[in-house]
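1. Structure of the sequence below:
(one chain, ligands or ions: 1)
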Amino acid sequence: MRLSSAVLVLLALVRGGAAAPQELARVETPQHLGFIFSPGTCEQGPEFCALTHPRGWAPDEIALVRSALDQIAANALGRQIIQRARQNGFHTLRRFEHAAEPNERGGYDATPMIVAKTHTDDERSIRTIDLTDRFFERVSVRDHFSGEPGYLLTTEILAHELVHALDLGQRYSGTDEFRKVSRLGLTADLQREADEVNVARMRLNAAGEYDASWQASRSFGVLRLRRLPSVHALDGYREALAELIAHLVLDPNARRRTEPRVLRYFDTVVFEAPSRR
Ligand SMILES: [Zn+2]
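-> Model (predicted):
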């Protein structure tokens, strides 16, 4: 049901809502591995849309995201993430220029640095992964810690969002067990260094230096901390789970860099075989 209504919304938007049903049937809706490429939508109201500027997908953007999904689906863990995100009702990828977040006044604030967002609005029966212009600006950035040629950053961002979709309601990242095994607490010295890395990342991202920003985040995780894939993983348990699992999918070095008790949690709790549940 969710899939067919999403297709109808998309078709109505593509054709300005005025096309006859026989015309609608001829419009091709891009889809890949069970995900519909939908333009951004305005169900959150005019203020939201004035900030976010919903837009359609350019052909090269569809090609990039299709190939990212293929990269993720190239191994068994990646296929599981895709399947589990879809089982949780995420079947749609939407395109906006920018993101916006609800504020205390009941309106929205622009959040121009947000790259991608797993969006859940159960009142309106909407579950989507939304991508902004910031995502596509990172198109040529590759990771330097995951072998040659290294994964594309856009692929990692999409895998990260798919893990959020799998982790709906923080069912895996919000457990006492994950809090215990992920050990996000830092000594005061390390925390100060992490804060400095985050300040540098913000400055680099604002200057469009996405490659340097990503390498700074990864260096801190892989070389300094050694047990988390990136500094971004320190932004709370939800982010840690997404970064750890996205790297297990895309980085051939990630398994040996991840602590055994974290791997055990993933193997026995997150990706437990359905028959053992
Ligand atoms: Zn995240």
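
2. got the residues of the stretch 101-250 of the chain near the ion?
-> Neighbours of the ion within the stretch 101-250 of the chain, by Cβ under 5 Å from the ion: Glu239, Ala242. Where C-beta positions appear, they are placed from N, C-alpha and C, glycine not excepted.

3. Give me the below-cutoff pLDDT ranges for this structure.
-> Along the chain, segments meeting pLDDT under 70 span 1-27, 273-277.

4. Not counting sequence-adjacent ones, nearest residue to Gly174?
-> Tyr237 (6.5 Å; Cβ to Cβ, 6 or more residues apart in numbering).

5. Make sure that neighbour is actually in contact with Tyr172.
-> No. Under the criterion of Cβ atoms under 8 Å, Tyr237 makes no contact with Tyr172, lying 9.1 Å away.

6. shared neighbours of these two, anything?
-> Residues touching both Tyr237 and Tyr172 by Cβ atoms under 8 Å, 6 or more residues apart in numbering: Phe178.

7. From His164, how far out is Phe220?
-> Note on Phe220: its distance to His164, by Cβ to Cβ, to the nearest Å, is 22 Å.

8. Tell me how many other residues surround Pro59.
-> Residue crowding around Pro59 was assessed by other Cβ atoms under 10 Å; the count is 8.

9. Can you list phi and psi of the residue in the stretch 1-150 of the chain that the ion sits nearest to for me?
-> The ion sits closest to Thr118 of the stretch 1-150 of the chain, with a gap of 7.4 Å, by Cβ to the ion. Main-chain torsions, Thr118, degrees, to the nearest 10: phi -90, psi 120.

10. what about the nearest residue to it once chain neighbours are set aside, which helix or strand?
-> Closest residue to Thr118 apart from its sequence neighbours, by Cβ to Cβ, 6+ apart: His164 at 3.9 Å. According to DSSP states H and E, His164 maps onto helix 153-166.

11. quick one, what contacts the nearest residue to Ala85 once chain neighbours are set aside?
-> What sits nearest to Ala85 in space, not counting adjacent residues and going by Cβ to Cβ, 6+ apart, is Ala165, at 3.6 Å. Listed by Cβ under 8 Å, 6+ apart, the contact partners of Ala165 are Arg84, Ala85, Asn88, Phe90, Thr118, Arg127, Ile129.

12. Restricted to helices, list those residues.
-> Assignment to helices by DSSP state H places the following of the contacts of Ala165 there: Arg84, Ala85.
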